[in-house]
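Visitor: Let's see this in three dimensions:
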Amino acid sequence: MKAKGRIWLIGGTQESAQLAAAIAEAQLSCIVSVTTKTAKQLYVSSIERAENHAPLRVWVGRLTVETAASFLQQQQIVAVLDASHPYAVEISQLAIAITTQLSIPYLRFEREVWKDARGKDEGGGRKDEEEKGQKKGLVFQSFAELVATDVLEGQRVLLIVGYRPLALFQPWQERATLFARLLPSVTAIEAAIAAGFTPDRLFAMRPPISPDLEKALWQHWQISVVVTKSSGIAGGEDVKRQVAAELGIPLVAIARPPITYPQQTSDLATALKFCHQHLSCNSSSFEKSDF
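Guide: I've put the predicted structure just below:
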């Protein structure tokens, strides 16, 4: 028997592209949601792979509280696999709320946090330093917390944070020399210009960024402080930390927003098993207690 319904994969990230490829390979019916046409390109190969098998489609747009329920019903969604960016809390919170309301299974695919050689996560250093009475650590819980300090005062600062937080740094244009690395999109560039960045202080490129290019960019702009998100290896955090260490440049990290997921995994096999379970007409081979 053919499976009924489809999986909603909340995408827009590199790991979601990997999940889409695995789902297509398994011939499971799936619709991937992204917010931009550019992000749709992440799934071209997966769509081609699925063409003669179970359909894999990409939906471009933004869902709201008013439209989410009808989207799930129209698309016959039987389970949700959330592989959105760790900082895209709005869509995750919306998905959790609507799946709870409609009793639809939800699984968060959460990229692993970056850990140093001692196995400490991105939040450990700050507490340790504060406890030792040293200078305030380089991990902040939010952008608002960072801009309320004087950490960036007089510095040549590279912001690798996406375009959305840039407006928060506009008041700092007179207190520091700010640069930004962004995705090559009209929306991102326009947001940066609106926040006071001039074209000569912007660099637009889609990741991954090699260590050599990262290093060359920082040196060219004579960067003295870098601000980034704690986005893990999938977000290039390891490369940024490597380059920061080589150049002796402080790396200021913004911690992931706190959000409680009903259930989550960082294992692709577990995520694929979740999809199989909820698309199968005969799920007897899976234990309900697994999810």
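Visitor: measure residue 228 to residue 41 for me?
Guide: 24 Å (CB to CB, to the nearest Å). C-beta coordinates here come from the backbone N, C-alpha and C atoms, glycine included.
Visitor: More neighbours: which of the two?
Guide: residue 228 (21 against 13; other CB atoms under 10 Å).
Visitor: And the strands in this structure, which stretches?
Guide: 6-10, 30-34, 56-60, 77-82, 106-109, 139-140, 156-160, 177-182, 202-204, 225-229, 251-254, 264-265 (DSSP state E).
Visitor: which of the ones you listed sits most buried?
Guide: strand 6-10 (a mean of 26; mean count of other CB atoms under 10 Å).
Visitor: show me where pLDDT drops low in the chain?
Guide: Along the chain, segments meeting pLDDT under 70 span 1-3, 46-54, 113-137, 234-235, 281-291.
Visitor: residues touching the residue minimising distance to the centre of it, list them.
Guide: The centre of the chain sits closest to residue 85, judged by CA atoms, centre = their mean, with a distance of 2.1 Å. Contact analysis of residue 85 by CB atoms under 8 Å, 6 or more residues apart in numbering lists 12-13, 231.
Visitor: Quick check: residue 259 touching residue 89?
Guide: Yes. Using CB atoms under 8 Å, residue 259 is in contact with residue 89, at 5.5 Å.
Visitor: just checking, what's the longest helix in the protein?
Guide: helix 89-102 (DSSP state H).
Visitor: quick one: buried residues of that helix?
Guide: Buried positions in helix 89-102, judged by neighbour count with 16 or more other CB atoms under 10 Å: 91-92, 94-96, 98-99.
Visitor: can you check stretch 161-181 too?
Guide: Neighbour count says stretch 161-181 has 161-163, 165-166, 168-169, 172, 176-181 buried, by 16+ other CB under 10 Å.
Visitor: Return the residues in contact with residue 67.
Guide: Residue 67 neighbours (CB under 8 Å, 6+ apart): none.
Visitor: Return the distance of it relative to residue 59.
Guide: 12 Å.
Visitor: now do residue 267
Guide: Residue 267 is 26 Å from residue 59, by CB to CB.
Visitor: same thing with residue 182?
Guide: 25 Å.
Visitor: mind listing the helices in this structure by residue range?
Guide: 14-25, 37-40, 44-50, 65-74, 89-102, 124-131, 143-147, 186-194, 211-220, 237-247, 268-279.
Visitor: Looking at the ones you listed, which one is packed in the most?
Guide: helix 14-25 comes out most buried of the helices of the chain by mean count of other CB under 10 Å, with a mean of 21.
Visitor: Output the contacting helices and strands for it.
Guide: Helices and strands touching helix 14-25, as assessed by 3 or more CB pairs under 8 Å, 6 or more residues apart in numbering; DSSP states H and E, comprise strand 6-10, strand 30-34, helix 44-50, strand 56-60, strand 106-109, helix 268-279.
Visitor: quick one: which of these is nearest residue 244?
Guide: Closest of the helices and strands packed on helix 14-25 to residue 244 is strand 106-109, at 27.7 Å (criterion: CB to CB).
Visitor: okay, that closest one in PDB with CA atoms only?
Guide: Only the C-alpha atoms of strand 106-109 are listed here, as PDB (Å, rounded to 0.1, in the frame of the first residue of the first chain):
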ATOM      1  CA  TYR A 106       6.700  17.100  15.400                       C
ATOM      2  CA  LEU A 107      10.400  16.400  15.500                       C
ATOM      3  CA  ARG A 108      13.100  19.100  15.700                       C
ATOM      4  CA  PHE A 109      16.300  18.400  13.800                       C
END
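Visitor: Direction included, what does that strand pair up with?
Guide: Strand 106-109 pairs in its sheet with strand 77-82 (parallel), strand 264-265 (parallel), by DSSP bridges.
Visitor: okay if I get those as TSV plus distance to residue 193?
Guide: TSV is the format used below for the strands paired with strand 106-109 (distance: least, CB to CB, whole Å):
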stretch	distance to residue 193
strand 77-82	32
strand 264-265	37
